[in-house]
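>>> just a sequence and a predicted model for now, questions to come.
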Amino acid sequence: MEHLGFAHALDRGPSADTLLVLHATGGDEHQLMPLARQLAPGATLLAPRGTVMEGGTVRRFFARRSMHDLDIDDLMRAADELAAFVRDATAEYGLDPARVTALGYSNGANAAVGMLFRHPGTLAGAALLRPVMPYEPGPIGGLEGCRVLIAAGTRDPYSAPGAGERLRDVLAEGGAQVDLSAVDAGHELVQHDLEVTARWLSTGAEGAAGA
């Protein structure tokens, strides 16, 4: 459905939790829905479709100039629009705005990072699968009570060495409770990522990444 600024999919679950499902480059609102349902069986799934078309065929949430050169102004624009979407969609569908957790992969994870930087309080948490450190935001705050999982690949060609640790530190300095899970993998997800994320979503961040 196209509504509230984004074409999106909604799949209601029995719990009061909502998972904001943010697809990767080349995906759409349906790309991660089966995975999200596997990871969070009881949650309501809310999945917007990115509005940027790269090369006329590849969909993203925000633009980039090259593999390692993100358009930061456009990332900020996407973060602002997604935060407004969350606000409007929770009101429209009767969802609890205090129980929205992002599940983002790659481009979607980076869009969620932008939301955490620019709109603290919009997300109760975020599972960031293969994010980068998109930019240095300066001091941020307002993330107290926000839970974040960073699932990094130590051989991820899109992410600079130490980027996961830097992102962890910036978010923690803003008040978030952050777990960093680093696995010997590239940009693709592996079974360990899925196990860690499912555990984190179901039981909380404490101890999940190190288990």
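That came in fine, so what should we check first? Residues are numbered from 1 along each chain as shown.
>>> how about low-confidence regions in the chain?
Filtered on pLDDT under 70, the chain yields the residue ranges 1-2, 204-211.
>>> show me where it has helices.
With DSSP state H applied, the chain shows helices at 33-39, 72-93, 107-118, 163-173, 191-203, listed in chain order.
>>> and Leu22, which of those helices is closest to it?
Judged by CB to CB, the one of the helices of the chain that comes nearest to Leu22 is helix 107-118, at 2.9 Å. Every residue, glycine included, has its C-beta placed from N, CA and C.
>>> and the closest one, what does it pack against?
Counting contacts by 3 or more CB pairs under 8 Å, 6 or more residues apart in numbering; DSSP states H and E, helix 107-118 packs against strand 18-22, helix 72-93, strand 100-105, strand 125-129.
>>> list the contacts of the longest one.
Which is helix 72-93. In this structure, residues lying in contact with helix 72-93 by CB atoms under 8 Å, 6 or more residues apart in numbering are 3-6, 8, 10, 18, 20, 22, 44, 46, 48, 50-52, 61-63, 95-97, 100, 110-111, 114-115, 117-119, 122-123, 134-135.
>>> drop anything exposed from those.
In the contacts of helix 72-93, burial by neighbour count holds for 4, 6, 8, 10, 18, 20, 22, 44, 46, 48, 50, 52, 61-63, 95, 100, 110-111, 114-115, 117-119, 122-123, 134, counting by 16 or more other CB atoms under 10 Å.
>>> hang on, the earlier thing: quick check: which of the helices of the chain is buried the most?
Using mean count of other CB atoms under 10 Å, the stretch among the helices of the chain with the largest mean neighbour count is helix 107-118, at a mean of 26.
>>> now that one - C-alpha only, PDB.
Listed next in PDB are the C-alpha coordinates belonging to helix 107-118 (Å, rounded to 0.1, in the frame of the first residue of the first chain):
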ATOM      1  CA  ASN A 107      21.300   0.400   3.400                       C
ATOM      2  CA  GLY A 108      18.300  -0.100   5.700                       C
ATOM      3  CA  ALA A 109      20.600  -0.400   8.700                       C
ATOM      4  CA  ASN A 110      22.300   2.800   7.800                       C
ATOM      5  CA  ALA A 111      19.000   4.600   7.400                       C
ATOM      6  CA  ALA A 112      18.200   3.400  11.000                       C
ATOM      7  CA  VAL A 113      21.500   4.800  12.200                       C
ATOM      8  CA  GLY A 114      20.500   8.100  10.700                       C
ATOM      9  CA  MET A 115      17.300   7.900  12.700                       C
ATOM     10  CA  LEU A 116      19.200   7.200  15.900                       C
ATOM     11  CA  PHE A 117      21.500  10.100  15.300                       C
ATOM     12  CA  ARG A 118      18.800  12.600  14.300                       C
END
